[in-house]
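Engineer: Mind folding the following:
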Amino acid sequence: MPTDERAMTPIDPADYPKPLVAGLKMCCPRCGKGKLFKGFLTLRKKCDVCGLNFDFADPADGPAFFVMCFAVVPALAVATVIEISYEPPVWVHLITTLPMIVLACIAPLRPLKAWLVASQFYHDAAPGKYVAAKPAPPETHAPD
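Structural biologist: Numbers count the residues shown, from 1 in each chain. Next comes the predicted model:
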């Protein structure tokens, strides 16, 4: 089975792209060239350029949470201002507010997920592990 020379080339950690850049480009967090996604939000198994395995990546619900906090709330605020200021019929909201909210939800999901994956790689993040605390030694008092 032939090996890909590019996958075998080591990359200096100083050459890793910054997480924000890799997130906005939606590329591999190690080489900055390979594609990160194979579907809309589905990650590839590994980078097609450098061979980095993406098994470490687990942004969980982070992208959806950030989208709800920072994109949907302002979109709903605009919808509320439109409603209070103009009192338009419902069909106006269907053609203005609904698309605005849908775009505010969907557009930032991929870059946010890519940024979180790149941040996990860049900072070598790993799940926390519980380590039981050692019991404190008994206090000894000097005799009175």
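Engineer: in this protein, which spans are helices?
Structural biologist: Under the criterion DSSP state H, helices of the chain are mapped to 5-8, 19-25, 62-67, 73-86, 90-95, 97-106, 109-122.
Engineer: Point out the most buried one among those.
Structural biologist: helix 109-122 (a mean of 21; mean count of other C-beta atoms under 10 Å). C-betas here are computed from N, CA, C, even on glycine.
Engineer: Could you list the alpha-carbon positions for it in PDB?
Structural biologist: C-alpha atoms of helix 109-122 as PDB (Å, rounded to 0.1, in the frame of the first residue of the first chain):
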ATOM      1  CA  LEU A 109     -22.100  27.100  12.700                       C
ATOM      2  CA  ARG A 110     -19.300  25.700  10.400                       C
ATOM      3  CA  PRO A 111     -16.700  28.400  11.200                       C
ATOM      4  CA  LEU A 112     -17.500  28.200  14.900                       C
ATOM      5  CA  LYS A 113     -17.200  24.400  15.000                       C
ATOM      6  CA  ALA A 114     -13.900  24.700  13.000                       C
ATOM      7  CA  TRP A 115     -12.600  27.300  15.400                       C
ATOM      8  CA  LEU A 116     -13.400  25.100  18.400                       C
ATOM      9  CA  VAL A 117     -11.700  22.100  16.800                       C
ATOM     10  CA  ALA A 118      -8.700  24.200  15.900                       C
ATOM     11  CA  SER A 119      -8.600  25.600  19.500                       C
ATOM     12  CA  GLN A 120      -8.700  22.000  20.900                       C
ATOM     13  CA  PHE A 121      -5.800  21.000  18.700                       C
ATOM     14  CA  TYR A 122      -3.700  24.200  19.200                       C
END
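Engineer: helices and strands around it, which ones?
Structural biologist: With contacts taken as 3 or more C-beta pairs under 8 Å, 6 or more residues apart in numbering; DSSP states H and E, helix 109-122 sits against helix 19-25, helix 62-67.
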